[in-house]
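Enquirer: this one's sequence-less:
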Ligand SMILES: Nc1ncnc2c1ncn2[C@@H]1O[C@H](COP(=O)(O)OP(=O)(O)O)[C@@H](O)[C@H]1O
Ligand SMILES: [Mg+2]
């Protein structure tokens, strides 16, 4: 009995990580939780208000609108960028200097700071002097400070330009890791290009696509800098994301209690959504089934003995 | 069903710097079972991929039934191929995997069901048809892969690329027999790649031995054993392989370090050569022959392996179970004049060798 007792001392090795995470994540988060539960009017004047701020956040029409808007934006981002990313990745050269060149070109938008992207696009889309703005104006009226539609589309296009490369790179890496034998087998089986994509590439890309989807969802749901710089959330509040609204509440209005409750709910939503998403997509990969159990081994032994082949087949084989 | 002809087919993966496959000209006759035997990396897979069209040869032409198909894509060649490791469509059930090649070729629904059931039964996977392949053990996965290669009915040829590598030893036997019987029943041309000589020799009508990108000899199992035309065949086929010895030829008289070994049947042989004789054809002799010391005798039940040496070289002889000799003592061995060969610098057999009787008579 004693000899079998497990030595659990290894758990102490986790302590440093717990310590670091406490300072970088848990304690700041608790400070936010602290703000969200009490109304702080001065250094020694605070009232515990329970979930009041949370109720206010949940019922605030501005926040509700921003939430719906941001969710729509994220869905559109995913619907555009994931297929586009896959499409581009499949077009990229597979090897040689062309592959390296393509990788560098594709990766460029990813290494530009958010702020710079915003500023560049702000100038690029100006209808009086911006290259893009003037060009589009030749075909159709375009003014992002007046048209809600123009502003929305601009944000979407800008984000697509900035972040589709991430999807492309992930998918490209995923495609390169598919063994050649799968393509060869598909060729032998007479599979069409569409079938190769559907039955070989897509299943093998599942993991990578899940990562791409999660990253793109989280990033776009937290989008702040670029719309802030390009449209300032306008016209009106038509491109105001949750993050922009949160900043306005926390810093502009200095409504710390509401902002705290808002932050926590925002954070929890992303956590829960991502978790559910991950769980649903990996349902069929739960452990089990693939391991060789003693029962399997017995089955294997039995299989070794030649099984009788049925009469029809016997005729063929005779 | 078809005849496949290769004309000067060669392949280089690096634009001509090195050749994975040296020029080959040969015909794969309709309905025969071929085994392609050779060590890892000798170009077997390359050759198969060229036949199936997965790879376009850097040189030469491929003909199927007299038609030049060198530029014809795999899909239009109607050749089935099974790979060394399981290649399955993860999202499809085993049944769907087996149906896939037929569906792509617009075979009728009833025919598909019939074929899939037949093949599943042949391979013993009828109870796994509705599982996802990822839930199967790796040997069963390979059997499903095998099934996908077998399910098409009217193929020109089926190419098996070391299909049973991951299969357990005993079941391998069963499967190979079933494949063999399927071949006999359907009469389809089969090319079976392996690096296992027993597998090759038991499966095929004709065995092709490859080494370093070249086809070194083709023939029945028997002829490869009795008359190895290339040193590699002597070395690779048979267990243990052929005994070899560097010899000098002078007017067809073969000597090693001045000691006479034998006389080549072909006249006028001169220069550096190699002498080769299989352990089976080194025969204990009471009269003249090569003098050895017996180092060790391995009793293998139905035969004995006698390890012999003298001052210059070592040989192994495979003798009858009844052979008796004192370990450390002297022994004289002669060899069968039809079964001993002399090979030139290109490792090709140039002549048989007869043992010289004492005194060079
Ligand atoms: N796709 C490839 N690219 C470059 N070299 C290859 C490729 N496939 C095979 N080779 C080389 O060609 C030679 C023959 O390989 P292969 O035909 O796979 O041999 P085998 O099937 O007999 O083991 C090997 O030296 C191998 O390294
Ligand atoms: Mg191979």
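Expert: Good, I have the coordinates. Being a predicted model, the structure only gives us computed values, none of them experimental. Ligands and ions are numbered 1, 2, ... in the order given.

Enquirer: can you check the pLDDT for residue 160?
Expert: Chain wasn't specified; assuming chain A. On the pLDDT scale, residue A:160 is placed at 95.

Enquirer: nope, chain B please
Expert: Taking residue B:160 on its own, its pLDDT is 92.

Enquirer: in which helix or strand would I find it?
Expert: Assigned by DSSP states H and E, residue B:160 falls within strand B:157-161.

Enquirer: who does that strand touch, helix- and strand-wise?
Expert: Judged by 3 or more CB pairs under 8 Å, 6 or more residues apart in numbering or on different chains; DSSP states H and E, strand B:157-161 is in contact with helix B:44-52, strand B:79-82, helix B:138-150, strand B:189-194. C-beta coordinates here come from the backbone N, C-alpha and C atoms, glycine included.

Enquirer: after it, which helix or strand is next?
Expert: On the C-terminal side of strand B:157-161, the closest following helix or strand by DSSP H and E is helix B:169-186.

Enquirer: buried ones in that following helix, by neighbour count?
Expert: Judged by neighbour count using 16 or more other CB atoms under 10 Å in any protein chain shown, the buried positions of helix B:169-186 are B:171-176, B:178-183, B:186.

Enquirer: repeat for stretch B:329-344
Expert: B:331, B:333, B:334, B:335, B:336, B:339, B:340, B:341, B:342, B:343, B:344.

Enquirer: again, but for stretch B:215-224
Expert: For stretch B:215-224, a neighbour-count test (16+ other CB under 10 Å) marks B:215, B:216, B:217, B:218, B:219, B:221, B:224 as buried.

Enquirer: any idea how far it is from the middle of the chain?
Expert: Here the centre of stretch B:215-224 is set off from its chain's centre by 8 Å, with CA atoms, centre = their mean, to the nearest Å.

Enquirer: quick one: strands adjacent to the strand holding residue B:160?
Expert: Counting by DSSP bridges, the strands paired with strand B:157-161 are strand B:79-82 (parallel), strand B:189-194 (parallel).

Enquirer: that one close to ligand 1?
Expert: No. Counting by CB under 6 Å from any ligand atom, ligand 1 is not contacted by strand B:157-161; separation bottoms out at 7.1 Å.

Enquirer: angle of that strand against helix B:138-150?
Expert: Interaxial angle of strand B:157-161 relative to helix B:138-150 (axes from the mean of the first three to the mean of the last three CA atoms, to 10 degrees): 160 degrees.

Enquirer: quick one: contacts of strand B:157-161?
Expert: Strand B:157-161 is contacted from outside by B:2, B:4, B:28, B:44-45, B:48, B:51-52, B:79-84, B:146, B:149-150, B:179, B:188-193, using CB atoms under 8 Å, 6 or more residues apart in numbering or on different chains.

Enquirer: show me the buried residues of stretch B:329-344 that map onto strands.
Expert: Among those, DSSP state E puts B:331, B:333, B:334, B:335, B:340, B:341, B:342, B:343 in strands.

Enquirer: the third one bridge partners, please.
Expert: The partner list for residue B:334 in beta bridges (DSSP bridges) reads residue B:283.

Enquirer: my guess is it contacts residue B:286. True?
Expert: No. Using CB atoms under 8 Å, residue B:334 makes no contact with residue B:286, being 9.4 Å away.

Enquirer: which residues of chain A lie near ligand 1?
Expert: Residues of chain A lying close to ligand 1 (CB under 6 Å from any ligand atom): none.

Enquirer: pLDDT added to the buried residues of stretch B:329-344, as CSV?
Expert: Converted to CSV, the buried residues of stretch B:329-344 look like this (pLDDT from 0 to 100):
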residue, pLDDT
B:331, 90
B:333, 91
B:334, 91
B:335, 91
B:336, 90
B:339, 92
B:340, 92
B:341, 94
B:342, 93
B:343, 94
B:344, 91
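
Enquirer: how does chain B divide into domains?
Expert: Per the record, chain B has its domains at B:4-231, B:242-355, by automatic domain parsing.

Enquirer: now the end-to-end length of the shortest one.
Expert: Length of domain B:242-355, first residue to last, CA to CA, to the nearest Å: 17 Å.

Enquirer: circling back to that earlier point, please identify which pair of the ones in strands among the buried residues of stretch B:329-344 lies farthest apart.
Expert: Maximum pairwise distance among those (CB to CB): 25.7 Å, between B:331 and B:343.

Enquirer: any chance of TSV for the helices and strands packed on strand B:157-161, columns distance to ligand 1 and mean pLDDT?
Expert: Listed next are those as TSV, based on distance: least, CB to the nearest ligand atom, whole Å; pLDDT from 0 to 100:
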stretch	distance to ligand 1	mean pLDDT
helix B:44-52	3	94
strand B:79-82	13	93
helix B:138-150	17	90
strand B:189-194	7	92
